[in-house]
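> Structure, please.
(chains A, B, C and D)
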Number of protein chains: 2
Amino acid sequence: MESRTARPPSGAPSRFRRVAATPAYRQVAEAIEREIIAGRIRPGEPIGTEAQLVSQFGVNRSTVREGIRLLEHSGLVRRDSSRRLWVGLPHYGRLALRMSRALVLHEVTFRELYEASLPMQLATVEAAVERATPETIAQLEENIARTERALGDPSEVAKLDAEFHGLVGKASRNRVLQLAREPSELLVMPTTEMILKRVKEGAPRLLHAHRMYVDAIRRRDKQAGRLWARRHLEDWRKGFERAGKDLDQPIDRIYLEST
Amino acid sequence: MESRTARPPSGAPSRFRRVAATPAYRQVAEAIEREIIAGRIRPGEPIGTEAQLVSQFGVNRSTVREGIRLLEHSGLVRRDSSRRLWVGLPHYGRLALRMSRALVLHEVTFRELYEASLPMQLATVEAAVERATPETIAQLEENIARTERALGDPSEVAKLDAEFHGLVGKASRNRVLQLAREPSELLVMPTTEMILKRVKEGAPRLLHAHRMYVDAIRRRDKQAGRLWARRHLEDWRKGFERAGKDLDQPIDRIYLEST
DNA sequence: TTTCGTCGGATTGTCGGACAATGGATTTGA
DNA sequence: TCAAATCCATTGTCCGACAATCCGACGAAA
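Sure thing, here's the model as predicted:
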């Protein structure tokens, strides 16, 4: 793609940057984005109507619309029921989904995923132990109760496992950690179902680990929390290998179907 | 925004999901996205011309264009010099930038940032110790040499620090970890400059920590790597507090200017 | 043979205008 | 006072058009 700049006839140094004439629709998007990033328009406030933007930017409505679409995708701009434009807060889930997709497209391996998940999981549990409220603990216990009843149904258990880890993430009350952890979680989770289907002692072990998690959180015992987080994830890895899969294999696209 | 579904005349249960008439431009975007995610079009391959898409989808060109803009923003679709459409690999840097922006818009605190950075930093160093190649080690040493020469210039040192951690990330050869760590790094980095300007023993301490990092990597000594990663980040925190800032304060928008 | 103009076709960026569908506001009717 | 009918603003989609640009080809010149 750089063929043009990368072909100086002889040893001539490539002296010039490629010229870039930013199209109007992108200028529109960038202008609006700047206003939001700088905080001059705050989340929840209305951006004008398309007609207003047309007159402000002095371009055609089609151009404005293309610019807006650019921002709409990232969540910086939302539309309400009447389709009017508002400044939005990019939602974690959306971003995490995109990141996990990017990871798959880059063909990262399960080993990378496992290696990265472990420390983030440990940190999350530690924070959760420190800051969990009685409310979230109750939610965790309720989740465990439901898991008990669903022990025979792998896909249901996998779903509850995902919910469980989501709750632990919430309990950590660290949004940076949550956002960092969630893309990996989105990729680990679907494989859990596969593992549970093939390794029949998986579900009880998972349930037991969850119980110990919550127990550690209730007793504010960081060491126990870390221990069980580690065991839980190691179980995942072992189950993965026991199911006949190779850790150094790229993550399968299949695990993205759930759009 | 849920006003329509939330108004059952009496106590009648809300039995029906709200019908969602997905606009055509979004259907176009989703259709293309699905093809890419599923791997039926691979990165580097051309998506058709706008005219082709028009005839395939049976909608107007304006609609196709709006749909494409949605994807363009996420990097799934790129344009080359001739503005033709290609399937692209979403670039880490782009995604990380968006994530860090989202974090700022959500007004996360420096404490959250610090707490999340520490474990990820430790894991990164550990992986780097394990897998660094002579090449990247050489690059790290070269970075240190440049840092030595720039000791008097806080903003230059901050820039080199960012580069250093980028190199360590590369050395870790774990892309999941890298992607998880980078948004935080993008927010930690700009504050380093501020700290270095106000705490004059900051720069030498930073340099020393970097030296010990590389030393640990060269000797494949995980313990030392972890130790110095921890000290380095703790230095950052202490410097932050010594500069008179409060860890529980939301991250300032200012640190996003560098688009 | 290689390099340089030039030309034509293809494609994108932008524009202007148009209309149906929809939501919100307003007025009307009971 | 409240519900129904009406109006108006706005969006989603379409159509057609044109300039700017890129690509490839074809010759002309060195």
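> hmm, the host helix or strand of A:D161 touching chain B?
Using DSSP states H and E, the secondary-structure element containing A:D161 is helix A:154-172. No. For helix A:154-172, no contact with chain B is found by Cβ under 8 Å from any Cβ of the partner chain; the gap never falls below 8.8 Å. Any C-beta I mention is one placed from the backbone N, CA and C, and that applies to glycine too.
> Which positions within the helix or strand that that helix is followed by qualify as buried?
From helix A:154-172 onward toward the C-terminus, using DSSP H and E, the following helix or strand is helix A:175-198. Judged by neighbour count (16 or more other Cβ atoms under 10 Å in any protein chain shown), helix A:175-198 contains these buried residues: A:175-196.
> just to revisit the earlier point, tell me how far the helix holding A:D161 is from the chain's mean position?
Put simply, helix A:154-172 sits 14 Å off its chain's centre (Cα atoms, centre = their mean, to the nearest Å).
> Where does the stretch 1-150 of chain A get nearest to DNA strand C, residue-wise?
Of all residues in the stretch 1-150 of chain A, A:A24 sits closest to DNA strand C, at 2.8 Å by Cβ to the nearest atom of the strand.
> quick one: contacts for that residue?
With contacts defined as Cβ atoms under 8 Å, 6 or more residues apart in numbering or on different chains, A:A24 is in contact with A:F57, A:V59, A:T63, A:G67.
> and A:R149, how many neighbours?
By the criterion of other Cβ atoms under 10 Å in any protein chain shown, A:R149 has 10 neighbours.
> Spit out the contact partners of the spatially most central residue of chain A.
Most central in chain A under Cα atoms, centre = their mean is A:A96, positioned 1.8 Å from the mean C-alpha point. A:A96 makes contact with A:L179, A:E182, A:P183, A:E185, A:L186 under the criterion Cβ under 8 Å, 6+ apart.
> just these now: which is nearest B:R149?
Compare each of the contacts of A:A96 with B:R149 using Cβ to Cβ and the shortest gap goes to A:L179, at 36.7 Å.
> Tell me the pLDDT of the closest residue to the closest one other than its chain neighbours.
Among residues not flanking A:L179 along the chain, A:Y92 sits closest, at 5.5 Å (Cβ to Cβ, 6 or more residues apart in numbering or on different chains). A:Y92 carries a pLDDT value of 84.
> Pretty sure A:Y92 sits against A:E182.
Yes. Between A:Y92 and A:E182 a contact is recorded at 6.4 Å, counting by Cβ atoms under 8 Å.
> Now the element after the host helix or strand of A:S100, going C-ward?
Element membership for A:S100 (DSSP H and E) is helix A:92-105. Using DSSP H and E, the next helix or strand after helix A:92-105 towards the C-terminus is helix A:110-131.
> Just the CA coordinates for that next one, please, in PDB.
The C-alpha atoms that make up helix A:110-131 are tabulated as PDB, following Å, rounded to 0.1, in the frame of the first residue of the first chain:
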ATOM      1  CA  PHE A 110      -5.600 -19.500  23.200                       C
ATOM      2  CA  ARG A 111      -2.300 -19.400  25.000                       C
ATOM      3  CA  GLU A 112      -2.100 -15.700  24.700                       C
ATOM      4  CA  LEU A 113      -5.600 -15.500  25.900                       C
ATOM      5  CA  TYR A 114      -4.900 -17.600  28.900                       C
ATOM      6  CA  GLU A 115      -1.700 -15.900  29.800                       C
ATOM      7  CA  ALA A 116      -3.400 -12.500  29.700                       C
ATOM      8  CA  SER A 117      -6.600 -13.600  31.500                       C
ATOM      9  CA  LEU A 118      -4.800 -15.000  34.500                       C
ATOM     10  CA  PRO A 119      -3.300 -11.800  36.000                       C
ATOM     11  CA  MET A 120      -6.400  -9.700  35.100                       C
ATOM     12  CA  GLN A 121      -8.600 -12.300  36.700                       C
ATOM     13  CA  LEU A 122      -6.400 -12.300  39.900                       C
ATOM     14  CA  ALA A 123      -6.500  -8.600  40.100                       C
ATOM     15  CA  THR A 124     -10.200  -8.500  39.600                       C
ATOM     16  CA  VAL A 125     -10.800 -11.000  42.400                       C
ATOM     17  CA  GLU A 126      -8.500  -9.100  44.700                       C
ATOM     18  CA  ALA A 127     -10.400  -5.900  44.100                       C
ATOM     19  CA  ALA A 128     -13.700  -7.600  44.500                       C
ATOM     20  CA  VAL A 129     -12.600  -9.100  47.800                       C
ATOM     21  CA  GLU A 130     -11.700  -5.600  49.000                       C
ATOM     22  CA  ARG A 131     -14.800  -3.800  47.800                       C
END
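> Quick check: A:E112 vs DNA strand D, distance?
Counting by Cβ to the nearest atom of the strand, to the nearest Å, the gap from A:E112 to DNA strand D is 36 Å.
> A:L89 contacts A:L95, doesn't it?
No. A:L89 lies out of contact with A:L95 (Cβ under 8 Å); the separation is 10.7 Å.
> Common neighbours of these two, please.
Overlap between the contact sets of A:L89 and A:L95, as judged by Cβ under 8 Å, 6+ apart, is given by A:G75, B:A102.
> higher neighbour count, those two?
Comparing A:L89 with A:L95 by neighbour count (other Cβ under 10 Å), the higher total belongs to A:L95, at 22 against 15.
> domains of chain A?
The record's domain split for chain A, according to automatic domain parsing, is A:24-87, A:93-256.
> Could you look over those and pick the most buried one?
Mean neighbour counts were taken over these using mean count of other Cβ atoms under 10 Å in any protein chain shown, and the top value, a mean of 19, falls to domain A:93-256.
> from the chain's centre, how far out does that domain sit?
Distance of domain A:93-256 from its chain centroid, counting by Cα atoms, centre = their mean, is 13 Å.
> which bits of the stretch 1-150 of chain A sit near DNA strand D?
Taking Cβ under 7 Å from any atom of the strand as the criterion, the stretch 1-150 of chain A approaches DNA strand D at residues A:A21, A:T49, A:E50, A:A51, A:R61, A:S62, A:R65, A:R79, A:R83, A:R84, A:L85.
> Filter those residues down to just the ones in strands.
Secondary structure assignment (DSSP state E) places A:R79, A:L85 from these within strands.
> restrict the residues of the stretch 1-150 of chain A next to DNA strand D to contacts with chain B.
Subset of these in contact with chain B: A:S62, A:R65, counting by Cβ under 8 Å from any Cβ.
> Hmm, A:G75 and A:P90 touching each other?
Yes. A:P90 is within contact range of A:G75, at 3.7 Å (criterion: Cβ under 8 Å).
> quick one: common contacting residues for the two?
The contact lists of A:P90 and A:G75 share B:A102, where a contact means Cβ under 8 Å, 6+ apart.
> can you redo the domains of chain A as TSV with distance to B:D248?
What follows is the domains of chain A, written out as TSV (distance: least, Cβ to Cβ, whole Å):
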stretch	distance to B:D248
domain A:24-87	20
domain A:93-256	12
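> relative orientation of the host helix or strand of A:A203 and helix A:110-131 in degrees?
A:A203 is located in helix A:202-219, with elements delineated by DSSP H and E. Between the direction of helix A:202-219 and that of helix A:110-131, the angle (axes from the mean of the first three to the mean of the last three Cα atoms, to 10 degrees) works out to 30 degrees.
> For helix A:202-219, which outside residues touch it?
Judged by Cβ under 8 Å, 6+ apart, the contacts made with helix A:202-219 from elsewhere in the structure are A:125, A:128-129, A:132, A:137, A:140-141, A:143-144, A:147-148, A:151-152, A:154, A:157, A:161, A:164, A:168, A:171, A:192, A:195-196, A:222, A:224-225, A:227-229, A:231-232, A:235, A:239.
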